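1. No sequence on hand, only this structure:
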Ligand SMILES: NC(=O)C1=CN([C@@H]2O[C@H](COP(=O)(O)OP(=O)(O)OC[C@H]3O[C@@H](n4cnc5c(N)ncnc54)[C@H](OP(=O)(O)O)[C@@H]3O)[C@@H](O)[C@H]2O)C=CC1
Ligand SMILES: Nc1nc2c(ncn2[C@@H]2O[C@H](COP(=O)(O)O)[C@@H](O)[C@H]2O)c(=O)[nH]1
């Protein structure tokens with residue numbers, strides 16, 4: 001692979017503006033036949049989403065993916081969302097009991113709108129077999145499979161029946177995969193996204209490494225239909241997890257799904273725990289993201305997300321922040 005780069009190495013080049021106000025720019029996106037307000041989904045992690053946030057997001061037109069770390073609650077979650085007329089979007093793993101779970105959903109005629117297979121190393125027979133199992137039992141569910149970091153993996157999962165693939169191994173804020181294993185897309189996630197997107201025939205979700213709202217536009221430019229974000233969504237009033245006071249400031253915990261805190265044991269740990277600044281209301285962040293993306297669209301010289309996909313860019317190796325701290 002030549003010409004690797006990451007989010008902070010890239011600047012998109014402005015094109016002539018065609019709107020009189022940024023409010024004319026449309027940030028909506030369609031995935032799996034459903035229209036969402038933003039091409040953004042909060043990470044399916046236990047300190048990022050819970051049932052209450054899922055309901056809020058679905059009721060307000062945002063995409064969500066519920067995590068899989070309280071497996072016994074998934075059926076009642078689906079029934080509750082169905083009773084409210086809301087989109088159902090859950091996660092599964094690949095262990096034997098997950099096969100039974102999919103069979104149970106089919107028997108109870110509970111077909112989630114979206115099922116995400118959430119595995120660290122998604123380029124595997126374990127994921128391919130699970131995609132086929134879901135498609136055999138719940139043919140109407142839109143299957144998102146991951147995580148992967150190569151075009152070969154994208155092709156194989158798409159060929160197995162995945163409706164979308166999720167790209168990103170190791171770029172996450174609480175990820176230590178790159179340090180513990182030496183593998184992944186950490187440090188070159190945006191280039192990996194472009195590499196994968198060239199092979200993809202179905203939507204790609206870019207997962208991990210987004211540190212600023214501008215990184216959402218950059219992801220779209222390099223082939224993402226949607227981005228998954230953890231750290232920017234951590235620390236809100238509504239976020240699950242403990243709030244504590246540190247050096248006179250309120251902070252909230254954010255931990256990796258493969259951390260010791262999540263697993264309850266020190267085995268194959270590839271995630272850590274950190275504290276992030278308390279950020280206020282979730283909706284304020286969503287609103288700011290929408291405004292910033294509207295502005296991105298205006299700089300792209302268009303009126304919709306599509307305009308961003310075609311802009312030129314320059315590589316300014318590690319220099320765009322010029323030593324400035326972003327947040
Ligand atoms: N996006 C990312 O960079 C990463 C994300 N994560 C997140 O952490 C959570 C836990 O992930 P994961 O450990 O996959 O889930 P699980 O603990 O549910 O493991 C799933 C299955 O895959 C096996 N497995 C896990 N890693 C590997 C590997 N590298 N090679 C072969 N088999 C493997 C496990 O067996 P065994 O444990 O016995 O090996 C298990 O049978 C997920 O939410 C995932 O998204 C974790 C790491 C990286
Ligand atoms: N290597 C690990 N990656 C993890 C773990 N838990 C979650 N994740 C991934 O991170 C993103 C969120 O990234 P962020 O940069 O936006 O904070 C998440 O969607 C997962 O793909 C983990 O324990 N280890």
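-> Cool, the structure landed. The structure presented is a predicted model; accordingly, all values stated were derived computationally and were not measured. Ligands and ions are numbered 1, 2, ... in the order given.

2. Please identify the buried residues of stretch 131-145?
-> The neighbour-count check on stretch 131-145 (16 or more other Cβ atoms under 10 Å) flags 131, 133-135, 137-138, 141-145 as buried. Where you see a C-beta, it was placed from the backbone N, CA and C, and this is true even at glycine.

3. Which parts of the protein are helices?
-> 51-59, 74-83, 96-107, 125-137, 151-160, 177-181, 189-199, 214-221, 260-263, 282-299 (DSSP state H).

4. which parts of the stretch 51-200 of the chain sit against ligand 2?
-> 147, 168, 170, 172-175, 177 (Cβ under 6 Å from any ligand atom).

5. hmm, 8 Å instead?
-> Residues of the stretch 51-200 of the chain found near ligand 2 (Cβ under 8 Å from any ligand atom) are 118, 120, 146-147, 166, 168-178, 184.

6. Out of those residues, which sit inside strands?
-> For those, the ones inside strands are 118, 146-147, 166, with DSSP state E as the criterion.

7. pLDDT check: weakest of the residues you listed?
-> Among those, residue 146 has the lowest pLDDT, at 95.

8. And that residue, how far from residue 101?
-> Noted for residue 146: a distance of 19 Å to residue 101, by Cβ to Cβ, to the nearest Å.

9. Mind checking which of those two has more residues around it?
-> Neighbour count, other Cβ atoms under 10 Å: between residue 146 and residue 101, residue 146 has more, with 28 against 18.

10. Which residues are in contact with the nearest residue to that one once chain neighbours are set aside?
-> Of all residues not flanking residue 146 in the chain, residue 166 sits nearest, at 2.9 Å (Cβ to Cβ, 6 or more residues apart in numbering). Residues in contact with residue 166, defined by Cβ atoms under 8 Å, 6 or more residues apart in numbering, are 116, 122, 144-148, 204-205, 207, 228.

11. Switch the residues you listed over to CSV; also include distance to ligand 1.
-> As requested, those are exported to CSV (distance: Cβ to the nearest ligand atom, whole Å):
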residue, distance to ligand 1
116, 9
122, 8
144, 12
145, 12
146, 7
147, 4
148, 9
204, 14
205, 11
207, 6
228, 9
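
12. Please work out which of the helices of the chain is packed deepest.
-> Ranked by mean neighbour count, the helices of the chain are led by helix 214-221 with a mean of 24 (mean count of other Cβ atoms under 10 Å).

13. How about residues contacting it?
-> 7, 10, 12, 39-40, 190, 193, 206, 209-210, 227, 289, 292-293, 296, 300, 305, 308-309, 311, 313.

14. Now do the contacts for the closest residue to ligand 2 within the stretch 1-150 of the chain.
-> Here the residue of the stretch 1-150 of the chain nearest ligand 2 is residue 43; by Cβ to the nearest ligand atom that distance is 3.4 Å. For residue 43, the contact set (Cβ under 8 Å, 6+ apart) comprises 49, 172, 207, 228-230, 233.

15. if we go to 6 Å?
-> 228, 230 (Cβ atoms under 6 Å, 6 or more residues apart in numbering).
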